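In: Fold the following and give me the result.
(chains A and B)
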Protein chains: 2
Amino acid sequence: MPRDSTATRTRILDAATAEFAEFGLAGARVDRLAERAGANKQLIYAYFGSKEALFDATLQRHIEQLLDAVPFNAYDLPAYAIAMFDFGIEHPQLLRLLRWHMLERPGELARLEQTIGSTARKVAALAEAQAAGRVDNTLPPGELLAVVLGIIQAIDDPTPEALAVRRESVAAAVRRLVTPAD
Amino acid sequence: MPRDSTATRTRILDAATAEFAEFGLAGARVDRLAERAGANKQLIYAYFGSKEALFDATLQRHIEQLLDAVPFNAYDLPAYAIAMFDFGIEHPQLLRLLRWHMLERPGELARLEQTIGSTARKVAALAEAQAAGRVDNTLPPGELLAVVLGIIQAIDDPTPEALAVRRESVAAAVRRLVTPAD
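Out: Presented below is the predicted three-dimensional model:
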């Protein structure tokens, strides 16, 4: 692909990230998106095929960052949970993109090859930490991971004070879940 | 309001619930909604003012059910969590409506009078259970409630087997959180 074409694709994907994060798949308008990208609407369809395919390409572009920007540490899940919480606060656009995707493309995220690989690595690390007696084994490792991710959910339109309190609560809750029972 | 007008409003709100649950605020189309309701598009605007106001009216209509359909029991949070989990599975449309609302009207839900009242009652009951030593007091009561609600999140496009496993995990995780430390 010639260099200017790559640059145009990148510009379209950046504009698509902003447009989809704000309005979701159904609410996004390709003509508004084209204007944001400074690109021709027909070119967008030529590159990506459809609004739906562009939506998927946008998530695909950010999925690795969403899954693995925060290094996973099975032996210190409270620290991992706090780092993920902070990542969500610092990247509200990526978080919104993920939430739209779960509403408008149910099941797609779990089917992505990156999600499957990343989850499998985390679950294997947790199983090892459980086998070593370092992490409580009441829950199967995949379930423990899902529960921790549920706890991390950001707050709806929070104040800085509410965020600081929730950050502490996330760490305390996860600590209670993973500390092995005597 | 004459009876037929009340019936028409109800029909519009039912159609709006279906339309918004499927497409969200930005993606909903008032003409499609009017067709679902068998009502005139102009009449919808006359009754509700705007698509945004109709979206809010739709949540308003279901908010009490969403908040209080499951009786809150501060002394048995694992059972409450399972009942809420089951409610979400049985009412996927209401859950989607709530999620769209959080994406497209951030902060609105927390500002609703019903949410404020319902949350205050739950937090007071939890504080009492903590003071009685029946619920662990590591987390402030409002934070414990938020963490439990995070754990209940339904799974993205689940199989029946995955749901059954998650249901058990929700109960086990909440039990660990609320059991007082010795």
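
In: use CA for all of it now, contacts and neighbours both
Out: OK.

In: how far away is residue A:60 from residue A:66?
Out: Separation of residue A:60 from residue A:66 (C-alpha to C-alpha, to the nearest Å): 10 Å.

In: Equivalent analysis for residue A:180, please.
Out: 29 Å.

In: Which of the two has more residues huddled nearby?
Out: More crowded of residue A:180 and residue A:66, by other C-alpha atoms under 10 Å in any protein chain shown: residue A:66, with 19 against 14.

In: show me what contacts the more buried one?
Out: Shown in contact with residue A:66 (C-alpha atoms under 8 Å, 6 or more residues apart in numbering or on different chains): residue A:94.

In: and it, which of the three is it?
Out: helix (DSSP: H, G, I helix; E, B strand; the rest coil).

In: For chain B, see how far away it is.
Out: For residue A:66, the distance to chain B (C-alpha to the nearest C-alpha, to the nearest Å) stands at 17 Å.

In: Before we move on, what's the pLDDT of that residue?
Out: The model reports residue A:66 with a pLDDT of 89.

In: Write out the residues of chain A neighbouring chain B.
Out: A:23-28, A:96, A:99-100, A:102-104, A:106-107, A:110, A:138-139, A:143-144, A:147-148, A:150-153, A:156-158, A:166, A:169-170, A:172-173, A:176-177 (C-alpha under 8 Å from any C-alpha of the partner chain).

In: Please check the residues you listed and keep the buried ones.
Out: Using 16 or more other C-alpha atoms under 10 Å in any protein chain shown as the burial test, the residues of chain A next to chain B include A:23-28, A:96, A:99-100, A:102-104, A:138-139, A:143-144, A:147-148, A:150-153, A:157, A:166, A:169-170, A:173, A:176-177 as buried.

In: tell me the domain ranges of chain A?
Out: Using automatic domain parsing, the domain parsing of chain A gives A:1-61, A:69-182.

In: how deep is residue A:53 tucked in, by neighbour count?
Out: Residue A:53 has 12 nearby residues by other C-alpha under 10 Å.

In: need the contact list for it.
Out: For residue A:53, the contact set (C-alpha under 8 Å, 6+ apart) is empty.

In: do that again at 10 Å, thanks
Out: Taking C-alpha atoms under 10 Å, 6 or more residues apart in numbering or on different chains as the criterion, residue A:53 is in contact with A:45, A:47.

In: host element of it?
Out: Assigned by DSSP states H and E, residue A:53 falls within helix A:51-68.

In: now residue A:123
Out: helix A:113-131.

In: ok, residues contacting that helix?
Out: So helix A:113-131 is contacted by A:60, A:63-64, A:66-68, A:72-77, A:108-110, A:132-146, A:178, A:180 (C-alpha under 10 Å, 6+ apart).

In: what comes up buried for that helix?
Out: By 16+ other C-alpha under 10 Å, the buried positions in helix A:113-131 come out as A:114, A:115, A:119, A:122, A:123, A:125, A:126, A:127, A:128, A:129, A:130.

In: Figure out how far that helix is from the centre of its chain.
Out: Its chain's C-alpha centre and that of helix A:113-131 lie 16 Å apart, by C-alpha atoms, centre = their mean, to the nearest Å.

In: Restricting to C-alpha, output that helix in PDB.
Out: Provided in PDB are the C-alpha atoms of helix A:113-131 (Å, rounded to 0.1, in the frame of the first residue of the first chain):
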ATOM      1  CA  GLU A 113      -8.400 -13.900  18.600                       C
ATOM      2  CA  GLN A 114      -6.600 -11.300  20.700                       C
ATOM      3  CA  THR A 115      -9.100 -11.600  23.500                       C
ATOM      4  CA  ILE A 116      -9.000 -15.400  23.500                       C
ATOM      5  CA  GLY A 117      -5.200 -15.400  23.600                       C
ATOM      6  CA  SER A 118      -4.900 -12.700  26.300                       C
ATOM      7  CA  THR A 119      -7.600 -14.300  28.500                       C
ATOM      8  CA  ALA A 120      -6.000 -17.700  28.200                       C
ATOM      9  CA  ARG A 121      -2.600 -16.300  29.300                       C
ATOM     10  CA  LYS A 122      -4.200 -14.500  32.300                       C
ATOM     11  CA  VAL A 123      -6.200 -17.600  33.300                       C
ATOM     12  CA  ALA A 124      -3.100 -19.900  33.100                       C
ATOM     13  CA  ALA A 125      -1.200 -17.400  35.300                       C
ATOM     14  CA  LEU A 126      -4.000 -17.300  37.900                       C
ATOM     15  CA  ALA A 127      -4.300 -21.100  37.900                       C
ATOM     16  CA  GLU A 128      -0.600 -21.300  38.700                       C
ATOM     17  CA  ALA A 129      -0.800 -18.700  41.500                       C
ATOM     18  CA  GLN A 130      -3.800 -20.700  42.900                       C
ATOM     19  CA  ALA A 131      -1.900 -24.000  42.700                       C
END
